[in-house]
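Colleague: A structural model of the following input is requested.
(2 chains)
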There are 2 protein chains.
Amino acid sequence: MKRREFLKKAGVGAAAAVTASAVNAPYVIAQKKYNWKMVTTWPPNLPVLQTGAVRFAERVKEATEGRINIQVFAGGELVPPLNTFDAVSDGTVECGSGAAYYWAGKTPACQWFAAVPFGLNAQGNNAWFYSGGGLKLWEEVYAPFNVIPRPQGNTGVQMGGWFRKEMNSLDDYKGLKMRIPGLGGKVVAAAGGTVVLLPGGEIFTSLERGVIDATEWVGPMHDLRMGFYKAADYYYYPGWHEPGTTLEVMFNKKAYESLPKDLQAILDAVAMETNMWSLSEFEAGNGAALQELITKHKVDLKRFPEDLLAGLRKLAQEVLEEEANKDPMARKVHDAFKKFKAQVGVWGSVSEKAYYDVIADEYKLKM
Amino acid sequence: MKRREFLKKAGVGAAAAVTASAVNAPYVIAQKKYNWKMVTTWPPNLPVLQTGAVRFAERVKEATEGRINIQVFAGGELVPPLNTFDAVSDGTVECGSGAAYYWAGKTPACQWFAAVPFGLNAQGNNAWFYSGGGLKLWEEVYAPFNVIPRPQGNTGVQMGGWFRKEMNSLDDYKGLKMRIPGLGGKVVAAAGGTVVLLPGGEIFTSLERGVIDATEWVGPMHDLRMGFYKAADYYYYPGWHEPGTTLEVMFNKKAYESLPKDLQAILDAVAMETNMWSLSEFEAGNGAALQELITKHKVDLKRFPEDLLAGLRKLAQEVLEEEANKDPMARKVHDAFKKFKAQVGVWGSVSEKAYYDVIADEYKLKM
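Modeller: Numbering: from 1, shown residues only, chains lettered A, B, ... in the order given. Model prediction:
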């Protein structure tokens, strides 16, 4: 019995051609498997940031029934943390996870997709990405590098940082040695501070010994874990420098485009799912950790004085204009961001802000 | 050549058994298709609410390569809008979309999963669902009905509503005829108002003719579309009665559980994706629509007076306690909700609220 006759006798029609190929190469056509690598900028097990990248990979595996299997490497395990973008760009790996401001040296425009001092909060950033053209612009910025970005998480409003001295006015930044990266760091430098860059593992000791006077990190959940309350007396809010930092997943363009449409759709859906999950984890985790910091560790929570914030804000506008002038793409992104911020701004003031005002007395800090 | 010999010669090993079955019944094993129906509580084409349900179905189709094909019926097209829950529960359809407070007559506990007056906002509700045990409780509440819920959207803080007279104190609710459903309506009734229920299509005319004195609807994007600014002079904020209303997708338990794990994971991921997309659409769309209402239609935007809000808030607490006393499950949900609200509350006051305060002057209403 010839192969063709067998197939005929098996009673299958048009579908048989496909199935016949499947016999020669089982699963290859319908169920091709993709074994991918992901590198990240985060230390192993860093809650929500690294665990979010790992969760992304797990959910992709579940939703694709293992057709996409992503092996996740924390920062330094395969490439140095800050080589993540390059590794995705040149195809060393198929995907990566980090935050866009790390790539400011490659393209200044990327900074608006992570955290803008006095910029949009999480809800505003997501609205910009998904419903205001922000993600399209972000894709345009990464396109020359063959990288496709997706929002993958958001820290929410961060804390202002840990200080060994009280901050009473903008003048107190003069000579202040602070660990603060990104655009926020540029604003602190413009205020007369000395911006220090330190690997995560060296921050606590530097703060404790007075090598630095201040540091910001993330929010209560991560700050508690770092033990900063043992090294500095003043914990300031709000995090004007990172009011809703976006975390990213990046795909190598060729790798992403080699996937069938259904698998692309799954990657996109799981990225958005992880984005939502991440903000929820931060909100719930920061709530619990802040209570522990206040009640158990008697942390002195302080709001930055109004004048100091107003001064930083003016400097931030100058810094942003400077960055926007670096190239036409940065200018385009800055202008689009500002326009969208104005679009949602008045709405924010009568919705979220007005509502927070109404319920504010339930939330009085007990210190 | 016998079939077994052919397969052997084709050089396939263990995988052949599966492939052989595939020859007899192509695609059936690996690629079973599910043709589902979804009914919703929304009118056809209602932005974000109905179009979000349609988007959910489209994305599920893309991500499953058509293995799940959901035909969406707007309210009344297959079953009356408020029969959605029953239709999912009894298996008439495999899934539905609505908001949980519509099912208060079946189980009072469901109300906490849609909108709680003076309760959590969108960010808080999502944190509760995904990272604070809220979704597990919701599943428990729907389990006796063989329904599995997932958050599928969020309106953000709604507007307080359209009024034909100025609201200066709580006393102004006495005798006020207002269209306001759910727990918010119970609070207005407790304040002495007459709560009127009207189908969406009759609200505008009733307001215009003075049959009702006031109505709430959603937010600027939907309110603009309804033309309420032509029928009432005062547009109040904030929407204390619905500070972050959750929209839901519901699955018939048997239908959901009949799916392989990968398809369940896709439904869950796309539900979370749609949730994130929905809030983003509301944020961006409300921002643009509010500007149009203010600048083009000269709408008089007013904040509810402090004392009036304080009075409603006290009544809301009483209404919630009454509802919680209706059965043990409602009590359990109310207590869990309150506990989580307290957990994130102080954090909200130093993060989102504090940040909105800082940038408030950018957003001054020009009226």
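Colleague: from here on, just use CA atoms for contacts and neighbour counts.
Modeller: Noted.
Colleague: could you identify the longest helix within chain A?
Modeller: Assignment by DSSP state H gives helix A:261-295 as the longest helix of chain A.
Colleague: elements contacting the helix or strand just after that helix?
Modeller: For helix A:261-295, the succeeding helix or strand toward the C-terminus, using DSSP states H and E, is strand A:300-303. Using 3 or more C-alpha pairs under 8 Å, 6 or more residues apart in numbering or on different chains; DSSP states H and E as the contact definition, the elements that strand A:300-303 packs against are strand A:234-237.
Colleague: so the strand it packs on, near chain B or not?
Modeller: Yes: Strand A:234-237 lies in contact with chain B when judged by C-alpha under 8 Å from any C-alpha of the partner chain; the contacting residues are residue A:237.
Colleague: quick check: next helix or strand after that strand?
Modeller: Counting by DSSP H and E, the next helix or strand C-terminal to strand A:234-237 is strand A:246-252.
Colleague: now do that next one: distance to the chain's middle.
Modeller: Chain-centre distance of strand A:246-252: 8 Å, with C-alpha atoms, centre = their mean, to the nearest Å.
Colleague: partner strands of it, parallel or antiparallel?
Modeller: Using DSSP bridges, strand A:246-252 pairs in its sheet with strand A:95-98 (antiparallel), strand A:147-154 (antiparallel).
Colleague: could you export those strands as a markdown table, including mean pLDDT and mean neighbour count?
Modeller: As requested, the strands paired with strand A:246-252 are exported to a markdown table (pLDDT from 0 to 100; neighbours: other C-alpha atoms under 10 Å in any protein chain shown):
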| stretch | mean pLDDT | mean neighbour count |
| --- | --- | --- |
| strand A:95-98 | 98 | 30 |
| strand A:147-154 | 98 | 28 |
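Colleague: turn these into TSV, including distance to residue A:86.
Modeller: Compiled in TSV, these are given as follows (distance: least, C-alpha to C-alpha, whole Å):
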stretch	distance to residue A:86
strand A:95-98	10
strand A:147-154	9
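Colleague: which one of those lies nearest to residue A:273?
Modeller: Go through those one by one with C-alpha to C-alpha and the one that ends up closest to residue A:273 is strand A:147-154, at 7.9 Å.
Colleague: now that closest one, how far from the chain's geometric center?
Modeller: Mean-position distance between strand A:147-154 and its chain equals 7 Å (C-alpha atoms, centre = their mean).
Colleague: now the next helix or strand after it: mean pLDDT?
Modeller: Note on strand A:147-154: by DSSP H and E, the next helix or strand toward the C-terminus is strand A:161-163. In this model, strand A:161-163 carries a mean pLDDT of 98.
Colleague: tell me the strands beside strand A:161-163, with direction?
Modeller: Sheet pairing for strand A:161-163, assigned by DSSP bridges, gives strand A:214-215 (antiparallel), strand A:234-237 (antiparallel).
Colleague: any idea how far it is from the chain center?
Modeller: Per C-alpha atoms, centre = their mean, the displacement of strand A:161-163 from the mean C-alpha position of its chain is 21 Å.
Colleague: immediately after that strand, which helix or strand?
Modeller: Reading on from strand A:161-163 to the C-terminus, the next helix or strand found by DSSP H and E is strand A:177-179.
Colleague: from the contact counts, what lies against that next one?
Modeller: Using 3+ C-alpha pairs under 8 Å, 6+ apart, the elements in contact with strand A:177-179 are strand A:194-195, strand A:214-215.
Colleague: check which helices and strands the first one sits against.
Modeller: With contacts defined as 3+ C-alpha pairs under 8 Å, 6+ apart, strand A:194-195 has these neighbours: strand A:177-179, helix A:182-190.
Colleague: got the contact list for that strand?
Modeller: With contact meaning C-alpha atoms under 8 Å, 6 or more residues apart in numbering or on different chains, strand A:194-195 is reached by A:174-181, A:185-186, A:188-189.
Colleague: of these, buried ones?
Modeller: Neighbour-count burial (16 or more other C-alpha atoms under 10 Å in any protein chain shown) applied to these gives A:176-181, A:185-186, A:188-189.
Colleague: in TSV: those residues, plus pLDDT.
Modeller: Formatted as TSV, those follow (pLDDT from 0 to 100):
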residue	pLDDT
A:176	98
A:177	98
A:178	98
A:179	97
A:180	96
A:181	89
A:185	97
A:186	97
A:188	98
A:189	98
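Colleague: measure residue A:97 to chain B for me?
Modeller: 19 Å (C-alpha to the nearest C-alpha, to the nearest Å).
Colleague: surely that residue meets residue A:251?
Modeller: No: with contact defined as C-alpha atoms under 8 Å, residue A:97 and residue A:251 do not form a contacting pair (9.0 Å).
Colleague: what about the longest helix of chain A, near chain B?
Modeller: Yes: judged by C-alpha under 8 Å from any C-alpha, helix A:261-295 and chain B are in contact via A:261-266, A:269-270, A:272-273, A:276-277, A:279-281, A:283-284, A:286-288, A:290-291.
Colleague: what of stretch A:335-348?
Modeller: Yes: between stretch A:335-348 and chain B, judged by C-alpha under 8 Å from any C-alpha, the touching residues are A:342-348.
Colleague: helices - which of the residues you listed land there?
Modeller: Where the residues of stretch A:335-348 next to chain B overlap with helices, as defined by DSSP H, the overlap consists of A:342-348.
Colleague: how about those residues in a markdown table, adding pLDDT, neighbour count and distance to residue B:154?
Modeller: Listed next are those as a markdown table, based on pLDDT from 0 to 100; neighbours: other C-alpha atoms under 10 Å in any protein chain shown; distance: C-alpha to C-alpha, whole Å:
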| residue | pLDDT | neighbour count | distance to residue B:154 |
| --- | --- | --- | --- |
| A:342 | 93 | 17 | 22 |
| A:343 | 91 | 22 | 19 |
| A:344 | 93 | 24 | 16 |
| A:345 | 90 | 26 | 19 |
| A:346 | 90 | 23 | 19 |
| A:347 | 93 | 27 | 16 |
| A:348 | 92 | 23 | 15 |
